[in-house]
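Trainee: sequence-free structure coming up:
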């Protein structure tokens, strides 16, 4: 890689050992991925700015200390590009109820204070685009959340590789990222074709199409033909599903997404390396695979993976208005703090709480590793997939309407 | 009894430097280390061919990482508890795997001249040279 004099000086320690380590990571990562240079980053979405939470409980002594030192590092510099936080591993709301020890709560308060001083915006969300973090076409980003990476590249036309907490932190500290992968035009070419030959009626259908395509795509860029235009809620679902079954960085939808006005533009004049059909049968198969509840028994309902939009909260509130969540069911809606505040202003929050539901912020069950039961209903392919592995849940997957009506009914309405 | 050791040497590219050797865990599968791996124990929890396998102290030979951006964070956390794999050998290279190996100082090779999944079986002893992009597989053939 060719570095500027300043970058080279940082690499040799001119700005201290922390920035030196971050520059080493960026240079090694870039060199391995064939980057020729570091380029300015316009927008960072960083994970790991959070107390360790339940993740480290039960690990040997010293692990918590090491984690805390690493987290401390992430707030030890002034950011060089706008930087927004991914979800935290804990939520300070209901912290005691969730069995979080006081020292972790105290640590979270300290990190929040340090992050403010570092210039980090505490969005605490896996869906930063819901709260105004909307990089424009061509903007270089370093985003962590895998579904948001796909959303940014595919729907916003911004450019970000997949990032871990270390590379995003380094990008925030240094203001640059190595230029490789989808940061370059030539690597944004579609590779496989997914022909959609079934009705796509709602966000769930977009999610199922994404889960189907991600398994086939692996690390490749899938191109959908026949997909309708994508509302933000559906964009969340297709992106999250692609990033769950596969290791996808971006997709195209012909006639829909900004770099795919035509088949030729999506494939940059080339031909697909594979062609697959997503039909009614394929849709049913994905749904059956993720649905592991066969007896209708559920004990909790999770809405907001990725985090719920204001309109999804409105939908939940409308469905619950004047009704009650069954006594044996816990209903949780997870959303960014900023949207939760607005939902309160608009009265949605009160309706949901009066019906016995909860609206929570900053985290989610899969990240915090705190499950509210053993049998979850959700609208998200991603939550369905990970909840089974991480929390040992059985899962029912359906639309938001199905989920909320099932919460009222006390059993899964398939 | 005669033990004839065969060494297969496969050239590729080093993605993260360092040298490690040990027993291989091999599968044609993509793994999300956040959500698919328990850093507290070193066990793969993701559904698929490696479910239940403890990979701590092993050389991971698999198709690629996938899924979450938490791969580097989870390998790093596993390393703090000494539950981490010693090296990565990937048929396809995801930048998340590369980042994880770089920040954890774990060697990684990829872009091999042949598909490593066809030449290595679980239990084979392998040596990963991330500095030179070379993978060596030791096959012990025992003749009675």
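Mentor: Perfect, I can see it now. Note that the coordinates shown come from a computational prediction; the quantities given were computed from them, not determined experimentally.
Trainee: next to chain A, which bits of chain B? Give me the list.
Mentor: Residues of chain B lying near chain A by Cβ under 8 Å from any Cβ of the partner chain: B:14-17, B:30, B:32, B:35-36, B:39-40, B:45-47, B:63-73, B:76-77, B:80-82, B:92-96, B:98-100, B:102-103. Where C-beta positions appear, they are placed from N, C-alpha and C, glycine not excepted.
Trainee: can you pull out the helices in chain B?
Mentor: Ranges of helices in chain B, per DSSP state H, are B:33-36, B:71-80, B:95-104.
Trainee: sorry, wrong one. I was asking about the stretch 151-300 of chain A.
Mentor: A:165-174, A:203-217, A:232-245, A:263-266, A:280-290 (DSSP state H, counting those that start in this stretch).
Trainee: which among the ones you listed is found nearest to chain B?
Mentor: helix A:165-174 (4.6 Å; Cβ to the nearest Cβ).
Trainee: so the closest one versus helix B:95-104, what angle?
Mentor: Inter-element angle recorded for helix A:165-174 and helix B:95-104: 80 degrees (by axes from the mean of the first three to the mean of the last three Cα atoms, to 10 degrees).
Trainee: give me the contacts around helix A:165-174.
Mentor: A:7, A:10, A:18-19, A:22-23, A:25-26, A:29, A:38, A:41, A:44-48, A:73-74, A:77, A:79-81, A:83, A:120, A:142-144, A:163, A:177, B:69-70, B:72-73, B:76, B:99, B:103 (Cβ atoms under 8 Å, 6 or more residues apart in numbering or on different chains).
Trainee: isn't residue A:396 up against residue A:414?
Mentor: Yes: between residue A:396 and residue A:414 there is a contact under Cβ atoms under 8 Å: 7.4 Å.
Trainee: more neighbours: these two, which one.
Mentor: The neighbour count for residue A:396 versus residue A:414, taken as other Cβ atoms under 10 Å in any protein chain shown, is higher for residue A:396 (26 against 13).
Trainee: any stretches of the chain with poor pLDDT?
Mentor: By default, I'm working from chain A. Where chain A drops to pLDDT under 70, the residues are A:94-99.
Trainee: sorry, I should have been clearer: chain B.
Mentor: For chain B (pLDDT under 70), the answer is B:1-2, B:4, B:142-144.
Trainee: close to chain B: what parts of the stretch 51-200 of chain A are there?
Mentor: A:55-56, A:58-60, A:62-63, A:66-67, A:70, A:144-146, A:149, A:161-167, A:180-181.
Trainee: 6 Å instead?
Mentor: Residues of the stretch 51-200 of chain A that fall close to chain B, judged by Cβ under 6 Å from any Cβ of the partner chain: A:58-60, A:63, A:66, A:144, A:146, A:161-162, A:164-167.
Trainee: tell me how many other residues crowd residue B:88.
Mentor: Counted with other Cβ under 10 Å, residue B:88 comes out at 28.
Trainee: next: the one 3 residues further on.
Mentor: Other residues near residue B:91 number 19, with proximity taken as other Cβ under 10 Å.
Trainee: also the one 4 residues further on?
Mentor: Other residues within reach of residue B:95, judged by other Cβ under 10 Å, total 25.
Trainee: how about it, what does it touch?
Mentor: Applying Cβ atoms under 6 Å, 6 or more residues apart in numbering or on different chains to residue B:95 gives the contacts A:33, A:161, A:162.
Trainee: any idea how far it is from residue A:182?
Mentor: To residue A:182, residue B:95 is 10 Å away according to Cβ to Cβ, to the nearest Å.
Trainee: cool, and residue A:319?
Mentor: 38 Å.
Trainee: more neighbours, the two?
Mentor: Using other Cβ under 10 Å, the more surrounded residue of residue A:319 and residue A:182 is residue A:182, with 21 against 18.
Trainee: roughly how far apart are the more buried one and chain B?
Mentor: 10 Å (Cβ to the nearest Cβ, to the nearest Å).
Trainee: wait, that residue touches residue A:188, no?
Mentor: Yes: between residue A:182 and residue A:188 there is a contact at 5.3 Å, judged by Cβ atoms under 6 Å.
Trainee: coming back round to it: pick the one among the residues of the stretch 51-200 of chain A next to chain B closest to chain B.
Mentor: residue A:164 (3.4 Å).
Trainee: what residues are up against the closest one?
Mentor: Residue A:164 neighbours (Cβ under 6 Å, 6+ apart): B:69, B:72, B:99.
Trainee: got it, and residue A:125?
Mentor: A:307, A:336.
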